[in-house]
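S.K.: Quick one, what's the 3D model for this:
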Amino acid sequence: MKVFLAIWEVRSISVAGERLGLTQPAVSHSLRRLRERFDDPLFLRSGHRMLPTDVAERLYEPFNRAIQIISHTVLDSNEFRPAESDRTFTIAMSDISEFYCLPLMLSYLEKAAPAVRIKSIQLEAHTVGAALRSGQVDLALGYLPDLVKPDYISTFVLEDWFICLVRASHPMAGKLLTQEAFSQLTFVEVAVHATGYKMVDALLTQLGVRRSTAVRLEHFTNVPEIVRYSQFAAIFPHSASQKINATGAFALLNIPFDLPSIDVQLHIHSNFRNDAGLRWMQQAITWIFSTMEKKEKAAGV
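M.R.: Numbering: from 1, shown residues only. Coordinates of the predicted model:
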């Protein structure tokens with residue numbers, strides 16, 4: 001049933017295997033057994049996607065409910081002891097969240113829960129809700145406004161916003177960035193899954209802001225090194241920019257448009273509200289960032 005639900009959510013045998021920690025042959029073998037049991041192909045290939053048949057459509061809800069019942073029964077009988085647990089938590093996050101958040105989380109776990117492991121997977125905004133519901137993903141970290149609803153238990157982690165990142169020797173460094181000057185910059189663009197960046201990008205487009213692009217990258221974490229050795233600019237999260245600018249190699253400029261801040265939150269699905277381990281991890285991560293924010297305010301950051 002887990003294999004069926006994983007293929008249903010991601011529409012791919014190979015990606016389903018990655019989510020479940022199984023090889024592609026193992027997933028294919030499970031799917032073959034399901035096909036034989038129900039005398040139906042269940043999923044048919046269409047281009048690069050595996051689409052469900054009518055029989056699969058009818059099986060989804062019963063399978064999903066069955067997994068939830070089993071999970072609740074197991075979790076309700078377990079007590080979570082972080083110092084003794086060797087559990088692996090699967091957390092969906094963007095590469096910038098990995099860069100900014102993961103070191104803090106692992107530093108805390110090293111002391112509080114030394115045998116606990118973190119498995120980070122790429123945050124896909126359009127599938128993460130279903131992955132949380134089915135238990136394929138334990139927690140999701142990021143700006144995910146579609147998950148702020150009763151089906152999910154969400155806790156605030158930090159308020160972030162986007163700035164314009166340039167190197168310290170850039171002609172605009174130390175100056176007030178006007179709308180005209182912003183439009184004359186050449187940018188490093190990022191093809192990211194981060195919803196906060198997508199939101200800012202969409203708002204600037206709606207405002208009719210023209211931007212010249214020199215390069216388009218796949219990963220956010222490669223942006224600073226390109227900016228460091230060029231005259232290019234980048235739209236970059238303020239939280240991460242503070243971390244990379246410890247040596248003063250960059251200038252952080254306010255974007256001269258009325259753009260909202262973003263609330264980064266940690267989400268679990270209400271199906272697993274009784275999972276003591278998940279609730280502990282959610283509370284631990286929230287505490288980590290609350291403590292960090294207090295330290296930064298005390299330091300005047």
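S.K.: Show me the strands in the stretch 101-250 of the chain, by range?
M.R.: Taking DSSP state E, counting those that start in this stretch as the test, the strands found in the stretch 101-250 of the chain are 117-122, 139-142, 152-160, 162-167, 186-190, 212-217, 234-237, 250-253.
S.K.: Of all these, which one comes closest to Leu176?
M.R.: For Leu176, the closest of those is strand 250-253, at 8.2 Å, according to C-beta to C-beta. (Glycine included, C-beta is placed from N, CA and C.)
S.K.: ok, then the element right after the closest one?
M.R.: strand 262-269 (DSSP states H and E).
S.K.: Adjacent strands (with direction) for that next one?
M.R.: strand 139-142 (antiparallel), strand 152-160 (antiparallel) (DSSP bridges).
S.K.: Switch the strands of the stretch 101-250 of the chain over to JSON lines; also include mean neighbour count and mean pLDDT.
M.R.: Converted to JSON lines, the strands of the stretch 101-250 of the chain look like this (neighbours: other C-beta atoms under 10 Å; pLDDT from 0 to 100):
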{"stretch": "strand 117-122", "mean neighbour count": "15", "mean pLDDT": "91"}
{"stretch": "strand 139-142", "mean neighbour count": "24", "mean pLDDT": "93"}
{"stretch": "strand 152-160", "mean neighbour count": "17", "mean pLDDT": "92"}
{"stretch": "strand 162-167", "mean neighbour count": "22", "mean pLDDT": "96"}
{"stretch": "strand 186-190", "mean neighbour count": "19", "mean pLDDT": "92"}
{"stretch": "strand 212-217", "mean neighbour count": "12", "mean pLDDT": "91"}
{"stretch": "strand 234-237", "mean neighbour count": "24", "mean pLDDT": "94"}
{"stretch": "strand 250-253", "mean neighbour count": "20", "mean pLDDT": "96"}
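S.K.: Looking at these, which is nearest to Ile288?
M.R.: strand 152-160 (8.7 Å).
S.K.: and the closest one, how far out from the chain's middle?
M.R.: With C-alpha atoms, centre = their mean, to the nearest Å as the basis, strand 152-160 stands 12 Å off its chain's centre.
S.K.: Give me the residues contacting it.
M.R.: For strand 152-160, contacts defined as C-beta atoms under 8 Å, 6 or more residues apart in numbering pick out 101, 129, 132, 141, 143, 147-148, 196, 237-239, 261-270, 273, 282-283, 285-286, 289, 293.
S.K.: Could you pull up the residues touching Asp86?
M.R.: By C-beta under 8 Å, 6+ apart, the neighbours of Asp86 are 115-117.
S.K.: Can I take it that it is in a strand?
M.R.: No - secondary structure of Asp86 (DSSP: H, G, I helix; E, B strand; the rest coil): coil, not part of a strand.
S.K.: measure it to Ala115 for me?
M.R.: According to C-beta to C-beta, to the nearest Å, Asp86 and Ala115 sit 4 Å apart.
S.K.: Count the residues that sit near Ala181.
M.R.: The number of residues packed around Ala181, counting by other C-beta atoms under 10 Å, is 15.
S.K.: before we move on, what about Ala115?
M.R.: Residues within reach of Ala115, counting by other C-beta under 10 Å, total 12.
S.K.: And it, how close does it get to Arg35?
M.R.: 39 Å.
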